[in-house]
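1. How does the following fold in three dimensions:
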Amino acid sequence: MTSRLHLTVDGPAAAPVLLLGSSLGTAAAMWEPQVPALAQRFRVIRYDHLGHGRSAVPPGPYTLDLLGRELLRTLDDLDVQWVHYAGLSLGGMVGMWLAAYAPERVRRLALLCTSASLGPPEQWRERAATVLTGGMPAIADAVVARWFTPAFATARPEVVAAHRAMLTANAPTGYAACCEAIATMDLRPDLGRVVAPTLVIAGADDPATPVAHAREIVERIPRARLAVVDAAAHLANVEQPEQVCRLLLEHFHEGRGDG
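-> Model (predicted):
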């Protein structure tokens, strides 16, 4: 079966593959601040989750297992045996699943502003119901307020507006289906199986996945490291692009000889 994920590819064809997974409600464009630097050293492949961006929107609800297996199918279609992987929020959740259930496919792992369990389930099902009845604009202001600090929102309203438009462009059915995947997710028992060298990045001011969630991941993944980015909320890579890019380059450059 051919992958249903939309891909955006940058960088040299012969370079090691760096796969980037975006947050719930965004698409590949979320990673644009990091792509120019990353693509100098890696074959950067950004994907849209099922139900997001330009990917397919099959009927929901989805599970994290479904999202992860769809990604494995994509790698098989591309004949890519292994990747470095960086994911933010939902992208990080998929990355943890991938590193735990297909460890041979992930050489190095970076998890940004994410959580191994993000309850209570009722809040995600309520959010899903809201978008199914009221459309994506019904949640847009509340969601985007958690993506950026107030100071950044005041200083860079055009960036905030662009990401709000990215959110509202998603199909409500696909977004709601991914909410269900988060509602049913608990990766904590699986994290001890992750063998890829792992960097966990947290936004110091992230109200969606606070630093405590990052610390729990670090405690459960053997030899994982934590970096906290100051003056950053949930989309830390957008709010502090240079600092996040430096952390990613340092982490993945350490693995340039892996394999």
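2. Could you check how far the helix or strand residue 92 falls within is from the centre of its chain?
-> Per DSSP states H and E, residue 92 falls inside helix 90-101. Centroid separation for helix 90-101 versus its chain: 9 Å, with Cα atoms, centre = their mean, to the nearest Å.
3. Check stretch 241-256 too.
-> Worked out by Cα atoms, centre = their mean, stretch 241-256 lies 16 Å from the chain centre.
4. cool, stretch 95-111 as well?
-> 13 Å.
5. now do the same end-to-end measure for it.
-> Taking Cα to Cα, to the nearest Å, stretch 95-111 runs 7 Å from one end to the other.
6. Please point out which parts of it sit buried.
-> Neighbour-count burial for stretch 95-111, with 16 or more other Cβ atoms under 10 Å as criterion, is recorded at 95-101, 105-111. The way it works is simple: take the backbone N, C-alpha and C, and place the C-beta from them, glycine included.
7. Now do stretch 155-171: everything it contacts.
-> Stretch 155-171 is contacted from outside by 25-27, 29-30, 51-53, 57, 135-137, 140-141, 143-144, 147-148, 152-153, 235, 238, using Cβ atoms under 8 Å, 6 or more residues apart in numbering.
8. got it, and stretch 67-85?
-> 1-5, 7, 16-21, 42, 45, 47, 49-50, 90, 94-95, 97-99, 101-102, 104-110, 178, 181, 196, 252, 255, 259.
9. make it 7 Å
-> Here stretch 67-85 makes contact (Cβ atoms under 7 Å, 6 or more residues apart in numbering) with 1-5, 16-19, 47, 49-50, 94-95, 97-98, 101-102, 104-109, 181, 252, 255.
10. Show me those that map onto strands.
-> Among those, DSSP state E puts 17, 18, 19, 47, 106, 107, 108, 109 in strands.
11. What pLDDT is listed against the third one?
-> Which is residue 19. Residue 19 is assigned 98 on the pLDDT scale.
12. Distance-wise, check the spatially most central residue of the chain relative to residue 21.
-> The centre of the chain sits closest to residue 91, judged by Cα atoms, centre = their mean, with a distance of 2.2 Å. Distance of residue 91 to residue 21, given as Cβ to Cβ, to the nearest Å: 3 Å.
13. now swap in residue 52 and tell me
-> Residue 52 is 10 Å from residue 21, by Cβ to Cβ.
14. hmm, back to that, may I ask which two of the buried residues of stretch 95-111 are separated the most?
-> Across the buried residues of stretch 95-111, no pair lies farther apart than 101 and 110, at 17.9 Å, counting by Cβ to Cβ.
15. Nothing else from me, thank you.
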